[in-house]
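Undergrad: the sequence isn't on hand, but the structure is:
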């Protein structure tokens with residue numbers, strides 16, 4: 001009952017906000033005010049199977065309900081809001097933006113995505129889920145982002161602090177985060193696009209809330225709420241860590257190739273450092289001749305627009321590897337589930353029209369533990385997405 005009341009309250013607040021912004025836009029037509037909204041609903045159905053007859057949860061569930069609201073005022077000031085009704089706190093992003101000739105600044109509740117895979121919103125991704133390591137993923141904070149752009153390169157700098165979540169335990173895991181992301185498009189040719197980028201991210205945690213017992217480890221359990229993988233494959237709880245990443249994206253007509261490498265240097269207070277890495281390569285091909293849409297200003301791509309009456313079909317394959325082996329003497333003694341993971345995913349996407357998208361994914365993952373036996377898990381996922 002409480003969840004239902006919370007959802008109805010969110011809908012009511014959203015209705016009031018949209019009504020107010022609509023009236024504001026109507027009353028200020030002479031001041032170049034714009035107001036736009038769009039959203040999506042994702043429904044998933046997952047089937048799991050383990051090599052040890054594990055009784056994993058399988059079935060249908062509501063994955064995401066998202067709404068985007070944005071607008072401009074006098075071509076310089078703009079605003080953006082992102083509501084995700086699957087989150088505990090429904091407002092995922094809320095910021096104002098001031099734009100200059102070659103730069104813009106965002107202030108408010110912002111998301112600082114680390115990589116290309118995370119910068120692309122879930123409703124435009126090739127696969128149902130992401131594969132990069134948990135713990136370096138996007139975070140929603142209060143802070144600001146400054147973007148510098150030219151015809152050749154784009155650079156983003158973000159400095160943010162975590163929102164205070166007051167509770168009886170009065171805990172706050174993150175202290176601050178800092179991110180630099182840059183990318184360029186060195187080859188500009190008709191029908192071909194090449195995106196090269198780098199990322200550097202620093203995350204500082206409260207040290208009293210971390211210990212070697214919470215070190216990086218694999219968890220071979222399935223989770224419906226995992227935003228990064230069909231399986232929750234690892235857990236990160238680090239006092240301070242630096243992440244360096246490199247990204248590549250190439251689009252040539254109907255072919256799209258994407259790859260990223262990340263290196264994580266974890267600092268355990270007075271203990272030892274650990275270095276982890278993760279990388280993947282994926283490729284997709286649109287059988288019906290369309291091409292994915294790339295936006296250089298944001299460094300991300302979008303779903304294709306179907307040309308034929310029956311829609312567009314896309315085939316995709318991805319291989320990813322994560323090395324989370326703890327080599328230090330202290331962590332090696334307390335982390336029994338560290339190790340390596342290899343994941344193979346193949347997918348078929350059907351873009352029925354601009355509003356309806358169907359996805360099918362098959363994932364196979366192999367875990368190699370230090371102290372435990374190896375594991376092999378597989379899963380099949382279906383997704384129906386409605387956009388409006």
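TA: Received the coordinates, thanks. If you're wondering where the values come from, they're calculated on a predicted model, not measured in any experiment.

Undergrad: so residue 312 sits against residue 306, correct?
TA: Yes - at 4.2 Å, residue 312 and residue 306 qualify as touching, with contact defined as C-beta atoms under 8 Å. Glycine gets a C-beta too; all of them are placed from N, C-alpha and C.

Undergrad: hey, what's in contact with both of those two?
TA: Here residue 312 and residue 306 have 288, 290, 351 as joint contacts, going by C-beta atoms under 8 Å, 6 or more residues apart in numbering.

Undergrad: so the last one bridges to which residues?
TA: When you say that, I think you mean residue 351. residue 312, residue 357 (DSSP bridges).

Undergrad: could I get the contacting residues of the closest residue to residue 125 other than its chain neighbours?
TA: In space, and not counting its chain neighbours, residue 125 is closest to residue 117: 7.7 Å by C-beta to C-beta, 6 or more residues apart in numbering. Counting by C-beta under 8 Å, 6+ apart, residue 117 touches 125, 130, 131, 132, 247, 258, 260, 280.

Undergrad: which of residue 312 and residue 306 has more neighbours?
TA: Comparing residue 312 with residue 306 by other C-beta atoms under 10 Å, the one with more neighbours is residue 312, at 23 against 20.

Undergrad: what about the more buried one, distance to residue 358?
TA: From residue 312 over to residue 358 the distance is 11 Å, taken as C-beta to C-beta, to the nearest Å.

Undergrad: also residue 200?
TA: Note on residue 200: its distance to residue 358, by C-beta to C-beta, is 37 Å.

Undergrad: list the buried ones in the host helix or strand of residue 249?
TA: Using DSSP states H and E, residue 249 sits in strand 240-252. Neighbour-count burial for strand 240-252 flags 240, 241, 242, 243, 245, 246, 247, 248, 249, 250, 251 (criterion: 16 or more other C-beta atoms under 10 Å).

Undergrad: swap in stretch 76-84?
TA: 78, 79, 80, 81, 82, 83, 84.

Undergrad: check stretch 144-157 too.
TA: The neighbour-count check on stretch 144-157 (16+ other C-beta under 10 Å) flags 145, 147, 149, 154, 156 as buried.

Undergrad: likewise for stretch 281-298?
TA: 282, 283, 284, 286, 288, 290, 291, 292, 294, 296.

Undergrad: so which of these sit within strands?
TA: Among the buried residues of stretch 281-298, DSSP state E puts 282, 283, 284, 286, 294 in strands.
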